[in-house]
Every structure is written in structure tokens, then in C-alpha cells.
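Engineer: I would like the atomic coordinates for the input below:
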Amino acid sequence: MKFIVSSSYLLKQLQVLGSVINSSNTLPILDNFLFELDQNQLTVSASDLETTMSATLEIDSKSKGSVAVPAKLLLEILKTFPEQPLTFTVEENSTIEISSNSGKYALAYAPGDEFPKAVVLEDPSASVVPADVLATAISKTIFAAGNDDLRPVMSGVFFQFSPEGLIFVATDAHKLVKYSRTDVKASEVADFIMPKKPLNILKGILGVSDSDVKIEYNDSNAVFSFDNYMLVCRLIDGKYPNYEAVIPKENPNKLHIDRTQFLNSVKRVAIFSNKTTHQIRLKIAGTELNISAEDIDYSNKAEERLTCDYQGDDMQIGFNSRFLTEMLNNLQSDEIQLEMSLPNRAGILTPVDGLDEGEVITMLVMPVMLNN
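Structural biologist: Below is the predicted model of the structure:
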């Protein structure tokens, strides 16, 4: 088994796949990349048993075969090469030899058939989503997903496909983000919960792709195929909470404000807030928004006044500044709207401008009790 491949081309693909591999694996074989060669096509795969990702490379070869090559060692050596063709030759003595312009390097390999096989979906449902839409949907929602092992369904992003459009939801019970598109539709109704890790990997590579992503799924697994990549992952098992029920429908108090100005004020004032609650207070009356925070233990306090456009009753409401900052950072609009009903009901944050046709973003943040 022998093939020739460009060093930088191989490195670029392996760095993407390398993000699948865990730092500590229970199965030693998972510390390897699986190389499967079929004439001038090389398929490289990486897996952590939950997620398997493969890339298909066009290379120069006439042989067939499969070997598992140590991932860390291979990535380290590839990073040091300038752009050049490398020749990989599988030797009889269980080593694979890499020949470059300047030298030869031998790595021990394992037989390819020891590597766990990726799941093949029998008769799956399928949808096609443009790469940029999926990348945006992931980056707009993933930050709001939880990290609680006791509530695994909330540690992922909920995908809801229908002929009306696509909806992506993430929540950790303190904040919730719902991102929907009516300009991209699925042929049938389906929903599933995607774990964070494969989504983060997809987010990284979808941003540079302008192709369509084919998503195939059944009850337990999903497959994402685009360009020369294929990612197979196990879905989170369970029923997603009814998120529509927690979004308050009647919100008579509406605040319009410049996003950057509001964000900067919140960041500054939050420095003076209590380090465990991160609580800031919004006091709104007429066209004035007063943002304040106090850390009684250390006698630190801060207060800022902003002008805003507000319709509704005068009110005071407390929020966790970290959640508010995360959400404001994640929006790209110039102006935002904050809708509220009562100090103990969730606030709804939406961008006023900067959205594509058919794009809707709703962010919900739970208030914190103010200690007057």
C-alpha cells in the first residue's frame, strides 16, 4: 500500500478530523486516524465512538488497503513540513514510512480492521440545508445550551424541521435561544437533539463552505454530508422540553436601544456586581434606562444612565449580567428590543435590524430576584 499526497492538503484535512479525537480514550485504537485507500481516493476517519468524521482526499495511488495511524504523532510531523509531496509506504514490519524531500520517518501502525466502524443509517429521513444557514443556526444557539449531565436533553441543540421552515432551540433553563428560518424548508416533519461536540466541529468548517449540507437522521443517529466531509453522530436520547410554553406571549413593556451602547454599559457596570450572582438592575422610566450594580460585601457599586425608546409602565428588573452579555454579543444588529411584562417574568431580546429575509431570532433571559 503506497500513496503520494500534498503535505499541507493532508494537514488541513487532518486538523479538522483531529478535533473529534478525545484527549483520553478508553480504547487505544481511537488515538489513531483510519486511512482507507482505494486507488486514487483516500478516506481518513477519526472517532470517539459517539461521533465519527471522515474526509475523502484525492491522491496519487494505485493500491488498496487500510491502516490506523497514530494521530498525535502524524499531526506533529505534518505541522513541521513546508508544502511538498509526501510518499506514504506501508512496510511489512508494521510500520508506515513517510518520505519527504529531506528525510524518512517511520511510524508504527495498527491494522485498519481494528478501528470501530461508523454507523450506517437504514432508510433515514433526509433534509438539505445551505451550509451558511446551518453555520449561523449553530453559532446563534449553541452558547445557550446547558452543561448539566443530569439533564442531558438540555445539553444539546434541538433541531425541528417541517415544511413551514426550520427551528433550532437551545436552553439551559436560565436562558433560551430560538432561531428559525422560513426561507429553508424540509419535506417532512422531524425533530432531534444534537450534542454540542459535533456541532462545534461543524461550526468550524461550515463557515468556509458554500455548498449544501445533506442531513440524514433516524431515531438514534444523524449524518451530515457536504463537500468531501461526512460526520456521523449519536443523537441525545429523550424528549425536549416544551420551549414554546416558557416564552411569554403578552409583553406590554418594550424597550428599544442601541445594542453596542447597551452592551458596553452592561459590561462596565457588571464589574461592580456581586461575584456570585452577577446581578445587575435595570430601572426604566420614560426615555431613561438606569443600569446599576452593587456588591454590598465590598462596598462596590456602579450606575449608568442611557437614553432609550421605551413604551410601557415604569419598572425595575434584575438580570444576570453574564447571560445578558452573552446574548448581546451574539446578536449582530445595531438596535435591539427588550420586551418585558413583570419583574419576575422572562425578558425577550430580539434584533430590530440586520436579519435576512425569513430569519427570526428570539432570545429569552430569566430575571433574578432583586434584593431591595
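Engineer: contacts and neighbour counts: CA atoms only from here.
Structural biologist: Will do.
Engineer: Could you work out the end-to-end span of stretch 196-215 for me?
Structural biologist: 16 Å (C-alpha to C-alpha, to the nearest Å).
Engineer: Count the neighbours of Ser23 for me.
Structural biologist: Ser23: 9 surrounding residues under other C-alpha atoms under 10 Å.
Engineer: actually Leu331, not the one I wrote
Structural biologist: Neighbours around Leu331, by other C-alpha under 10 Å: 20.
Engineer: which ones are touching the residue lying closest to it once chain neighbours are set aside?
Structural biologist: Excluding its sequence neighbours, the residue lying closest to Leu331 (C-alpha to C-alpha, 6 or more residues apart in numbering) is Pro351, at 6.9 Å. Going by C-alpha atoms under 8 Å, 6 or more residues apart in numbering, Pro351 touches Leu331, Gln332, Ser333, Asp334, Glu335, Ile336, Gln337, Ile361.
Engineer: List only buried entries from these.
Structural biologist: Among those, those buried by neighbour count (16 or more other C-alpha atoms under 10 Å) are Leu331, Ser333, Glu335, Ile336, Gln337, Ile361.
Engineer: what two of those are the furthest from one another?
Structural biologist: For the buried ones among the contacts of Pro351, the farthest-apart pair by C-alpha to C-alpha is Glu335 and Ile361; their separation is 13.4 Å.
Engineer: contacting residues around the helix or strand encompassing Met230?
Structural biologist: Assigned by DSSP states H and E, Met230 falls within strand 229-234. Residues outside strand 229-234 that contact it (C-alpha under 8 Å, 6+ apart): 50-56, 118-119, 194-195, 198, 220-225.
Engineer: Stretch 286-293 too?
Structural biologist: Contacts of stretch 286-293 from elsewhere in the structure, counted by C-alpha under 8 Å, 6+ apart, are 265-266, 269-270, 272-274, 279-284, 301-311, 314.
Engineer: Which of those fall in strands?
Structural biologist: Among the contacts of stretch 286-293, DSSP state E puts 279-284, 301-307, 309-311 in strands.
Engineer: so where does the residue nearest to the spatial centre of the chain fall, helix or strand?
Structural biologist: In the chain, the C-alpha nearest the mean C-alpha coordinate belongs to Asn200, at 3.7 Å (C-alpha atoms, centre = their mean). According to DSSP H and E, Asn200 maps onto helix 196-206.
Engineer: can you pull out the helices in the chain?
Structural biologist: Taking DSSP state H, the helices of the chain run over residues 7-18, 71-80, 131-141, 196-206, 259-270, 321-330.
Engineer: quick one, the second one and helix 7-18 angle?
Structural biologist: In other words, helix 71-80. Counting by axes from the mean of the first three to the mean of the last three C-alpha atoms, to 10 degrees, helix 71-80 lies at 150 degrees to helix 7-18.
Engineer: Average pLDDT for helix 71-80, rounded please.
Structural biologist: Here helix 71-80 scores 97 as its mean pLDDT.
Engineer: With stretch 35-42 instead?
Structural biologist: For stretch 35-42, mean pLDDT is 95.
Engineer: for stretch 148-168, same thing?
Structural biologist: Stretch 148-168 comes out at a mean pLDDT of 95.
Engineer: Tell me which residues touch Asp183, please.
Structural biologist: So Asp183 contacts Gly165, Glu357, Gly358, Glu359 (C-alpha under 8 Å, 6+ apart).
Engineer: Next step: those residues restricted to strands.
Structural biologist: Mapping the contacts of Asp183 onto strands (DSSP E) picks out Gly165, Glu359.
Engineer: got JSON lines for the contacts of Asp183, with neighbour count and distance to Gln13 too?
Structural biologist: Output for the contacts of Asp183, formatted as JSON lines (neighbours: other C-alpha atoms under 10 Å; distance: C-alpha to C-alpha, whole Å):
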{"residue": "Gly165", "neighbour count": "17", "distance to Gln13": "33"}
{"residue": "Glu357", "neighbour count": "9", "distance to Gln13": "34"}
{"residue": "Gly358", "neighbour count": "11", "distance to Gln13": "34"}
{"residue": "Glu359", "neighbour count": "16", "distance to Gln13": "32"}
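Engineer: ok, the contacts of Asp183 vs Ile77, which is closest?
Structural biologist: When the contacts of Asp183 are compared for distance to Ile77 (C-alpha to C-alpha), Glu359 wins out at 44.4 Å.
Engineer: Could you report the distance from the nearest residue to that closest one once chain neighbours are set aside to Asp356?
Structural biologist: Nearest residue to Glu359, sequence neighbours excluded (C-alpha to C-alpha, 6+ apart): Arg181, at 4.8 Å. From Arg181 across to Asp356, the span is 9 Å (C-alpha to C-alpha).
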